[in-house]
Structure formats: structure tokens, C-alpha cells
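A.B. asks: dropping the sequence and predicted coords here.
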Amino acid sequence: MMLVGIAADHGGFVLKTQIAELLRSSGYEVVDFGAHQLNLADDYPNFIIPLARAVAAGKVERGIALCGSGVGASIAANKVAGVRAGLIHDVFSAHQGVEDDDMNVFCLGGKVIGSALAWELIRTFLAAHFSGAPRHQRRLAELQALEKQEGAAQTMAGEE
């Protein structure tokens, strides 16, 4: 089975706990990047960024990132080169994001969506496969080139 990383702040903590258990009981190997306890003062980047880095490095195959709305988790995950995170609250986007865009981090809001629908969406995300169609590969190559340009620009700006 697939190795899946999961992370959440206080806003997604309860749903993360439920989803992690469902993943394990379905045969997935789960790496939990935290939070490991409910702390209303925690910050989503502290959990989402390590998850995103693990996905980008290939240490986990896919990631699930949660916060209250899913917006912050998505923004944070997409700051890591190699991550293609999407905020998903519908079945079509859960599979289409992987099939067309090779989405590798699934973001959702623990205060926006119930556990039954969240589980359906996550199962859809994990079952989907990138199509590899030429137009989709071309788009990914464009994004990868942009990541390299942005990384080089940041390096040069830091040297000034």
C-alpha cells in the first residue's frame, strides 16, 4: 500500500485523527507530521511544511494537509518546490487534480467538511493516477521551470 503523510494544525486536528485511523485501517502506511495534540495556539506552517518537504523529497508518496479552512494548508504546501497542492472539497477535483495536474498534496478544511465526505474525497485522491498526457506533461514542465527560475531569483536576491 501507499505511504501517506498527514499533517494538521488545531483547525484540522480532529479530522486528521479520524482520517489517519481510517487510512491505517484501510492498509495505508501513515506518517503523521503532527500536530500530535490539540493546541489552539499552534501554527499550520509548523506541520504542513515538513509534510510538503517529505512529499517533494519522495519520502512519502502523497500528502494530506488540513487546517480550519484548508486555505492556509494549501498556501503553505505550495511554497515548497515540487509540491502541487490543491484545496479540494469535491469528488471531481479529487481525482482530476491528480490525473491532469499530478497533484501530490491534498488540502482540506477540518471546519468546512465532515469526516464521511472527507474520507470519500481522500480515497478518490489516493486511487487516482497521473494520466501522463502530453499536454499535462508540458504544463508540469512549465511549472518546474518556473520553480527553478524562482529559486534562482531568490538565491540571487539573497546574495545582494
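C.D. replies: Thanks, I have it.

A.B. asks: tell me the buried residues in the worst-scoring helix or strand of the chain on mean pLDDT?
C.D. replies: Least confident helix or strand, the chain: helix 134-159 with a mean of 83, by mean pLDDT, DSSP states H and E. Burial within helix 134-159, assessed by neighbour count using 16 or more other C-beta atoms under 10 Å, is assigned to L140. Yep, even glycine has a C-beta here, placed from its N, CA and C like the rest.

A.B. asks: where does the protein have low pLDDT?
C.D. replies: Flagging of the chain using pLDDT under 70 yields the residue ranges 156, 160.

A.B. asks: domain ranges for the protein?
C.D. replies: Following automatic domain parsing, one finds the domains of the chain at 3-129, 131-160.

A.B. asks: in the chain, which spans are helices?
C.D. replies: Using DSSP state H, the helices found in the chain span residues 13-25, 45-56, 71-77, 91-101, 115-127, 134-159.

A.B. asks: circling back to that earlier point, most tightly packed of the domains of the chain?
C.D. replies: Most buried of the domains of the chain by mean neighbour count (mean count of other C-beta atoms under 10 Å) is domain 3-129; its value is a mean of 20.

A.B. asks: and the residue nearest in space to the middle of the chain, how far from G132?
C.D. replies: In the chain, the residue lying closest to the centroid (C-alpha atoms, centre = their mean) is V105, at 2.2 Å. For V105, the distance to G132 equals 19 Å [C-beta to C-beta, to the nearest Å].
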